[in-house]
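Chemist: Got a sequence here, can you build the structure:
(one chain, ligands or ions: 2)
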Amino acid sequence: MPELVFFSGTMDCGKSTLALQIQHNRSARGLQGMIYTRDDREGEGKLSSRLGLATKAIEVADDLDFYTHVVHALTAGGRVDYIIADEAQFLTPPQIDQLARVVDDLEVDVFAFGITTDFRSKLFPGSQRLVELADRVEVLQVEALCWCGARATHNARTIGGQMVVEGAQVVVGDVNRPESEVGYEVLCRRHHRRRMTAARARAAALSPDVLPVD
Ligand SMILES: Nc1ncnc2c1ncn2[C@@H]1O[C@H](COP(=O)(O)OP(=O)(O)O)[C@@H](O)[C@H]1O
Ligand SMILES: Cc1cn([C@H]2C[C@H](O)[C@@H](COP(=O)(O)O)O2)c(=O)[nH]c1=O
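Modeler: Ligands and ions are numbered 1, 2, ... in the order given. Model (predicted):
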């Protein structure tokens, strides 16, 4: 049975790498896929992993209708055995419904990859719809870690190393950026709740306030 699978995790946990591996393994067996992404850090029309691998992808805009797009590809004589959609958190809820329709009516597997929650730990609308509709939600096995060593479950947005909780939901960016830039850091829930980034933890450890006093 074809499936809609949502591979989910924090930033930097290997989602795009897995997408590229699924693409590689299937195409190595002669299967043909359509690869979609939206707002990849490396630029338009690319699906890229931090391990250095990348592939061409169809850049999705708000007005792209997945069902119509796949039907056009099929009626033009193309073969579509599976679909990969990276950065799926940026898709609109109607687009997720279209992906579900591709699975049910066209009998094509759809593998979607994305983060579930934003920097305020609120669901992205696309991810919410995926959780509602997916046949399976898979959490990636390679866990990203918080600075404290616990499993990272949340994404923090940082400016100057400090976690911020105001701002637009979508700001394309990366982890491990210089402290002067807007960036992201993955944290465990405890430290996300306390807004305790690695930089703040370092500063607190160095503060004379926490040194033992004779
Ligand atoms: N230099 C490196 N050596 C080994 N693994 C790396 C290296 N850089 C990144 N990775 C791996 O790549 C993962 C990030 O993969 P990526 O597919 O870009 O993540 P995501 O799409 O989830 O944001 C990291 O969690 C880590 O496991
Ligand atoms: C938490 C959060 C992230 N983003 C952006 C930042 C990146 O461009 C992508 C996630 O990419 P990854 O391959 O999973 O690392 O999402 C955002 O726009 N808003 C947020 O709150």
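
Chemist: Flag every residue of this protein that's near ligand 2.
Modeler: Within the chain, the positions lying close to ligand 2 (C-beta under 6 Å from any ligand atom) are 11-12, 15-16, 41, 115, 118-119, 155, 157, 169-173, 184. C-betas here are computed from N, CA, C, even on glycine.

Chemist: Keep only those of those that are in helices.
Modeler: If you go by DSSP state H, the residues of the chain next to ligand 2 have K15, S16 in helices.

Chemist: What about the residues of the chain next to ligand 2, which one has the most neighbours?
Modeler: Top of these by neighbour number is S16, holding 28 neighbours under the definition other C-beta atoms under 10 Å.

Chemist: mind checking how far the closest residue to S121 other than its chain neighbours is from H72?
Modeler: Leaving aside its chain neighbours, S121 sits nearest to H154 (5.5 Å; criterion: C-beta to C-beta, 6 or more residues apart in numbering). Between H154 and H72 the computed distance is 39 Å (C-beta to C-beta, to the nearest Å).

Chemist: ok, those two, which is more surrounded?
Modeler: Neighbours per residue, other C-beta under 10 Å: of H154 and H72, the larger number sits with H154, 23 against 11.

Chemist: Pairing partners for the more buried one in the sheet, please.
Modeler: On the basis of DSSP bridges, H154 is bridged to L187.

Chemist: Against F119, how distant is it?
Modeler: Going from H154 to F119 by C-beta to C-beta gives 9 Å.

Chemist: next one: T17
Modeler: T17 is 22 Å from F119, by C-beta to C-beta.

Chemist: Take the residues of the chain next to ligand 2 and keep only those in strands.
Modeler: N155, R157, Y184 (DSSP state E).

Chemist: Let me have the residues you listed in a markdown table, adding pLDDT and distance to V110 as columns.
Modeler: Converted to a markdown table, those look like this (pLDDT from 0 to 100; distance: C-beta to C-beta, whole Å):
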| residue | pLDDT | distance to V110 |
| --- | --- | --- |
| N155 | 98 | 24 |
| R157 | 98 | 29 |
| Y184 | 98 | 26 |
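
Chemist: Which residues does the helix-or-strand element of the chain with minimal mean pLDDT contact?
Modeler: Sorting the helices and strands of the chain by mean pLDDT, DSSP states H and E puts helix 198-206 at the bottom, at a mean of 90. With contacts defined as C-beta atoms under 8 Å, 6 or more residues apart in numbering, helix 198-206 is touched by W147, C148, T158, G160, G161, Q162, M163, E179, E185, H191, M196, V210.

Chemist: Output stretch 68-83 as CSV, nothing but the C-alphas.
Modeler: Provided in CSV are the C-alpha atoms of stretch 68-83 (Å, rounded to 0.1, in the frame of the first residue of the first chain):
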residue,chain,number,x,y,z
THR,A,68,-2.1,18.6,-10.6
HIS,A,69,1.7,18.7,-11.0
VAL,A,70,2.0,14.9,-10.7
VAL,A,71,-1.0,14.3,-12.9
HIS,A,72,0.7,16.5,-15.6
ALA,A,73,3.9,14.6,-15.3
LEU,A,74,2.0,11.3,-15.7
THR,A,75,-0.1,12.5,-18.6
ALA,A,76,3.1,13.8,-20.3
GLY,A,77,4.2,10.1,-20.4
GLY,A,78,6.5,10.4,-17.3
ARG,A,79,6.8,7.8,-14.5
VAL,A,80,6.3,8.7,-10.9
ASP,A,81,7.1,6.0,-8.4
TYR,A,82,7.6,8.1,-5.3
ILE,A,83,7.7,11.7,-4.1
